[in-house]
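# 3D model of this:
(one chain, ligands or ions: 2)
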Amino acid sequence: MSKVSLAKDKIKILFLEGLHQSSVDTLVAQGYTNIEFLTTSLPEEELIEKIKGVHFIGIRSRSQLTEKVFANANKLIAVGCFCIGTNQVDLDAAKEKGIVVFNAPYSNTRSVAELVLGEILLLIRGVPEKSAKAHKGIWNKSATGSFEARGKTLGIIGYGHIGTQLGILAETLGMTVNFYDIETKLTLGNASQVATMDELLATSDVITLHVPENAGTQDMIGANQFAQMKQGAIFINASRGTVVDIDALAKALESKKLAGAAIDVFPVEPKSNNEEFVSPLRGFDNVILTPHVGGSTQEAQKNIGIEVSGKLAKYSDNGSTLSAVNFPEASLPEFGGRSRLLHIHANQPGVLTKINESFAKHNINIAAQYLQTDDKLGYVVIDVETDDSKLALKELKLIPGTIKARLLH
Ligand SMILES: NC(=O)C1=CN([C@@H]2O[C@H](COP(=O)(O)OP(=O)(O)OC[C@H]3O[C@@H](n4cnc5c(N)ncnc54)[C@H](O)[C@@H]3O)[C@@H](O)[C@H]2O)C=CC1
Ligand SMILES: O=C(O)CCC(=O)C(=O)O
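Ligands and ions are numbered 1, 2, ... in the order given. Now for the predicted structure:
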């Protein structure tokens with residue numbers, strides 16, 4: 001009998017950006033102990049060196065996993081994004097190399113919604129400005145520019161997991177909630193979907209962005225959009241920095257078109273806490289600037305650690321790709337035969353037939369077979385009854401179109 005699957009303690013894991021301890025604990029509890037833990041992201045050249053020999057990598061939003069990084073990732077099996085956004089990862093490059101990418105689509109959404117709710121209340125009362133003045137010794141006891149949130153209109157752009165939760169929370173303050181989304185959405189509470197972004201911009205007292213970073217959202221808020229907003233509107237962005245033209249935002253603040261803003265994300269963000277934060281928004285007393293901490297609560301980070309490490313372990317243990325962001329999704333039952341192998345191939349006709357013919361030729365009996373495909377990839381997981389799983393793996397690697405083949409057990 002010969003087996004060539006890697007022992008769990010030989011599987012090399014690299015965690016960057018100071019993930020929560022739960023990410024490590026979850027893997028260690030499942031036997032994955034070979035974990036290198038760094039608190040910062042790495043520049044591309046360093047990452048290219050570091051990623052060699054690594055089987056699993058865990059990152060947050062700062063690490064850029066580029067095509068060049070993947071080209072040097074000679075052993076990489078999967079990426080865990082311990083966050084929602086996956087725009088920092090070249091998903092196509094990963095896919096072409098048969099590398100699965102997971103994220104945590106829900107775990108920090110409540111934290112973002114709560115932060116934004118707090119910012120709405122502070123900005124609508126002019127608290128950031130009054131606080132900044134008080135720190136300078138200026139006593140500005142005045143109701144000018146101070147309002148209740150009750151009765152005001154909140155305009156949400158991007159009514160997904162965060163936008164919907166924020167809408168419900170804002171309604172408890174008595175706000176009217178409108179939203180704009182490219183998809184028709186089920187409205188929660190008393191929210192209303194408006195037909196165009198222009199309509200939302202022109203009718204909202206507070207505008208907040210909760211869209212993903214993609215080609216369609218790049219610079220979606222610029223000078224034209226600020227011009228359409230109400231005089232004295234409040235503007236919040238906790239989505240991605242590339243969604244807003246930051247110079248146009250600075251101008252809208254300078255001209256007092258906006259009464260205030262809260263910005264958590266920036267087109268260029270420091271790579272670590274030791275790097276200076278540079279932005280045209282520095283120095284505005286009526287702007288709350290936060291260092292991309294929308295999802296940074298103990299609760300969110302702990303849950304994300306458990307969720308994403310759990311997905312990595314499950315993929316490593318049984319091949320499940322459920323909720324992968326760049327891969328055919330396969331939810332697999334517990335391991336059935338003597339050995340489980342997985343095979344990732346270019347989605348072209350005849351691959352499965354070739355696998356079956358090759359196994360038949362070598363008397364490798366298939367106990368179960370699971371296939372999922374998308375436009376580019378085929379992902380097949382095979383439980384076999386054989387003493388010689390090494391031979392089965394060797395045969396899989398010879399199939400034309402193979403991208404990756406692995407023996408799990
Ligand atoms: N500041 C922070 O720490 C955090 C930031 N985020 C960011 O927030 C974003 C949103 O998160 P979720 O609500 O969980 O995502 P989601 O995917 O649940 O919702 C996004 C919504 O935006 C809509 N959308 C996409 N393109 C649009 C467009 N051009 N115009 C209008 N609507 C559009 C989608 O249809 C969807 O309803 C994430 O992609 C991430 O970039 C997420 C978590 C933490
Ligand atoms: O916490 C992080 O590092 C990133 C949070 C975020 O922006 C996300 O989840 O998309």
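
# Output the set of residues of the chain in proximity to ligand 2.
60-61, 83-85, 108, 295-296 (C-beta under 6 Å from any ligand atom). C-betas here are computed from N, CA, C, even on glycine.

# tell me, which of these make contact with ligand 1?
84-85, 108, 295.

# from the residues of the chain next to ligand 2, which two are the most distant?
Greatest spatial distance among those (C-beta to C-beta): 85 and 296, at 13.5 Å.

# Over to whatever residue of the stretch 201-350 of the chain ends up closest to ligand 1. Which of the three states is it?
The nearest approach of the stretch 201-350 of the chain to ligand 1 comes at residue 294, 2.7 Å away (C-beta to the nearest ligand atom). Three-state call for residue 294 (DSSP: H, G, I helix; E, B strand; the rest coil): coil.

# Do a quick rundown of the strands in the stretch 201-350 of the chain.
Along the stretch 201-350 of the chain, counting by DSSP state E, counting those that start in this stretch, strands occupy 206-209, 233-237, 258-263, 287-289, 339-346.

# Dump those into CSV; add distance to residue 323 as well.
Rendered in CSV, the data for those read as follows (distance: least, C-beta to C-beta, whole Å):
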stretch, distance to residue 323
strand 206-209, 25
strand 233-237, 27
strand 258-263, 30
strand 287-289, 33
strand 339-346, 17
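
# Export these as a markdown table, with columns for distance to residue 104 and mean neighbour count.
As requested, the strands of the stretch 201-350 of the chain are exported to a markdown table (distance: least, C-beta to C-beta, whole Å; neighbours: other C-beta atoms under 10 Å):
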| stretch | distance to residue 104 | mean neighbour count |
| --- | --- | --- |
| strand 206-209 | 20 | 26 |
| strand 233-237 | 21 | 25 |
| strand 258-263 | 23 | 24 |
| strand 287-289 | 25 | 19 |
| strand 339-346 | 23 | 23 |
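
# will you turn these into CSV that also has mean pLDDT?
What follows is the strands of the stretch 201-350 of the chain, written out as CSV (pLDDT from 0 to 100):
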stretch, mean pLDDT
strand 206-209, 99
strand 233-237, 99
strand 258-263, 98
strand 287-289, 98
strand 339-346, 96
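
# Turn those strands into JSON lines, columns for distance to ligand 1.
Formatted as JSON lines, the strands of the stretch 201-350 of the chain follow (distance: least, C-beta to the nearest ligand atom, whole Å):
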{"stretch": "strand 206-209", "distance to ligand 1": "8"}
{"stretch": "strand 233-237", "distance to ligand 1": "9"}
{"stretch": "strand 258-263", "distance to ligand 1": "10"}
{"stretch": "strand 287-289", "distance to ligand 1": "13"}
{"stretch": "strand 339-346", "distance to ligand 1": "26"}
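
# Spit out the contact partners of residue 248.
221-223, 226 (C-beta atoms under 8 Å, 6 or more residues apart in numbering).

# Can you tell me the closest non-neighbouring residue to it?
Nearest residue to residue 248, sequence neighbours excluded (C-beta to C-beta, 6 or more residues apart in numbering): residue 223, at 4.3 Å.

# Tell me how many other residues surround that neighbour.
13 (other C-beta atoms under 10 Å).

# can I assume it is in contact with residue 245?
Yes - judged on C-beta atoms under 8 Å, residue 223 makes contact with residue 245 at a distance of 6.9 Å.

# how close does residue 370 get to residue 344?
13 Å (C-beta to C-beta, to the nearest Å).

# Let me see the contact set for the closest residue to residue 192 other than its chain neighbours.
Closest residue to residue 192 apart from its sequence neighbours, by C-beta to C-beta, 6+ apart: residue 178 at 5.1 Å. Shown in contact with residue 178 (C-beta under 8 Å, 6+ apart): 153-156, 191-194, 200, 203-204.

# buried subset of those?
153-156, 191, 193-194, 200, 203-204 (16 or more other C-beta atoms under 10 Å).

# Among those, which one sits closest to residue 254?
The closest of those to residue 254 turns out to be residue 204 (C-beta to C-beta; 21.0 Å).

# List the residues that contact that closest one.
By C-beta under 8 Å, 6+ apart, the residues touching residue 204 are 153-155, 178, 229-230, 233.

# how about 6 Å then?
153, 155 (C-beta atoms under 6 Å, 6 or more residues apart in numbering).

# Which strand residues bridge residue 341?
residue 382, residue 407 (DSSP bridges).

# which one of the ones next to ligand 1 among the residues of the chain next to ligand 2 has the most neighbours?
residue 295 (25 neighbours).

# Just give the closest residue to that one, not the sequence neighbours.
Using C-beta to C-beta, 6+ apart, the closest residue to residue 295 is residue 108 (3.1 Å).

# angle of the lengthiest helix in the chain against strand 339-346?
Ordering each helix of the chain by length in residues (DSSP state H) puts helix 298-318 first. Angle of helix 298-318 versus strand 339-346, following axes from the mean of the first three to the mean of the last three C-alpha atoms, to 10 degrees, is 100 degrees.
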